[in-house]
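J.: no sequence on this one, just coordinates:
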């Protein structure tokens, strides 16, 4: 998503003029808590879409059709809170779309766990952190982050397409990058029962009405979001639960966040040699760092402001190099069923592909610098693994990178993901990145011009 193209401030009157068939004043006053300050400026991500909703959809559709659609959307939103019999039509639809068996249903315990995770994520996160996150995991993660940040900065002088003015501001942005690891300690502090109680004070839970709890949780989340309107950004807030196996870069704050959930096997383990950890969580760290300089993140400066801090010549050079990735990934295909092949959407997945490629290179160099300076493994743990004598630490770095993305999905699901996901399919997240890696080609001695070592490689960060 282009943050410049989607930043379109409009007043309420301008929005009403743009889309007159929607009573925006009524809609916003209904959603916005009465205590929130009135905001007349609204960011419209796609003015054309909003205008077409009014002129092409609402004007040309019957009231019955609109009512039926909204009813359907409401049902889809709440269907997972219904009993098994009432869910069956939805299960059959999803099974058809994803190529799965509708008769194979999710165990009740998974459903309950999932709902607790969605509704009381920070409370559940406290229990997870107490059980699964401790020792020196936070310090190790900090160490990975600092080493990879240093590699990123050290590589900048070698990038000829980057001019001096933009390079200096890129260094400043890395210097200002905020790192959050493990779990939030404010808003709320998940290790404090008092803080958690205050955070969830507006959520009322019934002991015997599951559907009502589901509904109350949705309303609580919406209210929490609307309460932020007109207030200063709380930089201590987390956008993920501690137990989530994921990570993110937030461009408006210039922060990278690594929940305790991803600081686990197979991405990270205190017992792993460094080459496995760098091939796992190290690449994730590099991935999130590179998001600050991908096709979207590059539009934000070190303070999280949407400003143009790149020179025109460097922006043009970036676009030219990024186009190489668009073309490369657009040539990758997945089986979509019935003999059909579907192409990866190179433009749709560009930001993630840039992050994957940058993250892999940064993590490998960060690990290699340590390994080369400590071949006797006195300072860092790079001991060889028993039974894998034919795989050097260099090779195992890449093997673990591939291992963490091991995946199997139905052809229908693969097609659905290609059409909608901003990430490339796992197969191409791995193979696309290593095809562009000269380090991979050298480590595995891939002949020049072979599938895994093409002569023309895409390079950026």
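T.: Sure thing, it's come through. Owing to the predicted nature of the structure, the values given are computational and were not obtained by experimental measurement.

J.: okay, CA-based contacts and neighbour counts for the rest of this
T.: OK.

J.: At which residues are the strands of the stretch 151-300 of the chain located?
T.: For the stretch 151-300 of the chain, applying DSSP state E, counting those that start in this stretch gives strands covering 178-182, 248-250, 255-259.

J.: and the closest residue to residue 310 other than its chain neighbours, how many neighbours?
T.: The spatially closest residue to residue 310, leaving aside those adjacent along the chain, is residue 166, at 5.4 Å (Cα to Cα, 6 or more residues apart in numbering). Using other Cα atoms under 10 Å, residue 166 has 17 other residues around it.

J.: re earlier: what's the closest of the strands of the stretch 151-300 of the chain to residue 321?
T.: If you check each of the strands of the stretch 151-300 of the chain against residue 321 by Cα to Cα, strand 248-250 wins as the nearest, at 22.1 Å.

J.: Give me the residues contacting the closest one.
T.: Strand 248-250 has contacts (Cα atoms under 8 Å, 6 or more residues apart in numbering) with 255-258, 288-289, 291-292.

J.: try 10 Å this time
T.: Contacts with strand 248-250, where a contact means Cα atoms under 10 Å, 6 or more residues apart in numbering, come from 177-179, 238-240, 255-259, 284-285, 287-292, 297, 304.

J.: circling back to that earlier point, let me see the contact set for the residue nearest to residue 310.
T.: Residue 166 sits in contact with 172, 309-315, where contact means Cα under 10 Å, 6+ apart.

J.: I'd say residue 258 and residue 242 touch.
T.: Yes - the pair residue 258 and residue 242 qualifies as a contact (Cα atoms under 10 Å) at a distance of 8.4 Å.

J.: Touching both of those two, which residues are there?
T.: With Cα under 10 Å, 6+ apart as the test, residue 258 and residue 242 both reach 181-183.

J.: Could you export those residues as CSV, including distance to residue 88, pLDDT and neighbour count?
T.: Compiled in CSV, the shared contacts of residue 258 and residue 242 are given as follows (distance: Cα to Cα, whole Å; pLDDT from 0 to 100; neighbours: other Cα atoms under 10 Å):
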residue, distance to residue 88, pLDDT, neighbour count
181, 40, 98, 18
182, 38, 98, 22
183, 37, 98, 26
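
J.: neighbours of residue 293, just the number please.
T.: 22.

J.: going forward, begin numbering at 9 instead of 1
T.: OK, 9 is where the count begins now, so the last one is residue 301.

J.: For it, give me phi and psi.
T.: Residue 301 adopts backbone torsions of phi -130, psi 20, taken as degrees, to the nearest 10.

J.: again with residue 50
T.: Here the main-chain torsion angles of residue 50 (degrees, to the nearest 10) amount to phi -130, psi 130.

J.: Could you tell me the end-to-end distance of stretch 165-177?
T.: Stretch 165-177 stretches 13 Å from its first residue to its last (Cα to Cα, to the nearest Å).

J.: Quickly list what the residue nearest in space to the middle of the chain is bridged to.
T.: Closest residue to the average C-alpha location of the chain: residue 256 at 5.0 Å, with Cα atoms, centre = their mean. The partner list for residue 256 in beta bridges (DSSP bridges) reads residue 265.

J.: do you know how far it is from residue 410?
T.: Between residue 256 and residue 410 the computed distance is 20 Å (Cα to Cα).
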